[in-house]
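Peer 1: Below: sequence and its predicted model.
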Amino acid sequence: MEPIYILEYFIFTFIASLSVIQIALSNKINTRFMVGVTSLLLSYYWFFTARDRNVHTFLEGVQLFMILGLSVVLAALATKILLKLLGSR
């Protein structure tokens, strides 16, 4: 496995998951919704323009799925912690 691809994929999926959770938590188009959409679009832009992603790596489907699962769980935990700290919902 290539550590730089693992780290970049983890960061991308974490930010994208956190953004989708923020969009889902917003009741209407407000600041939370706009921050979620903006960060989601920027994460996709960063991930697919940072380097050539059309190269063969040693990451396989199960490894990518495990990284995605970890990032989604951590994004949910980060959301719960942020909501507790900010005192909303």
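Peer 2: Happy to help now that I have it.
Peer 1: So what's the model's average confidence on stretch 76-89?
Peer 2: Mean per-residue pLDDT for stretch 76-89: 84.
Peer 1: no no, stretch 30-50
Peer 2: Rounded mean pLDDT across stretch 30-50 is 89.
Peer 1: Would you mind listing the buried residues in it?
Peer 2: Using 16 or more other Cβ atoms under 10 Å as the test for burial, stretch 30-50 gives 32, 33, 36, 37, 39, 40, 43, 47. All C-beta spots, glycine's among them, are computed from the backbone N, C-alpha and C.
Peer 1: Let's see which of the residues you listed end up in helices.
Peer 2: Residues of those located in helices (DSSP state H): 32, 33, 36, 37, 39, 40, 43, 47.
Peer 1: Kindly reformat those as a markdown table containing distance to residue 85.
Peer 2: A markdown table is the format used below for these (distance: Cβ to Cβ, whole Å):
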| residue | distance to residue 85 |
| --- | --- |
| 32 | 15 |
| 33 | 20 |
| 36 | 18 |
| 37 | 23 |
| 39 | 18 |
| 40 | 22 |
| 43 | 22 |
| 47 | 28 |
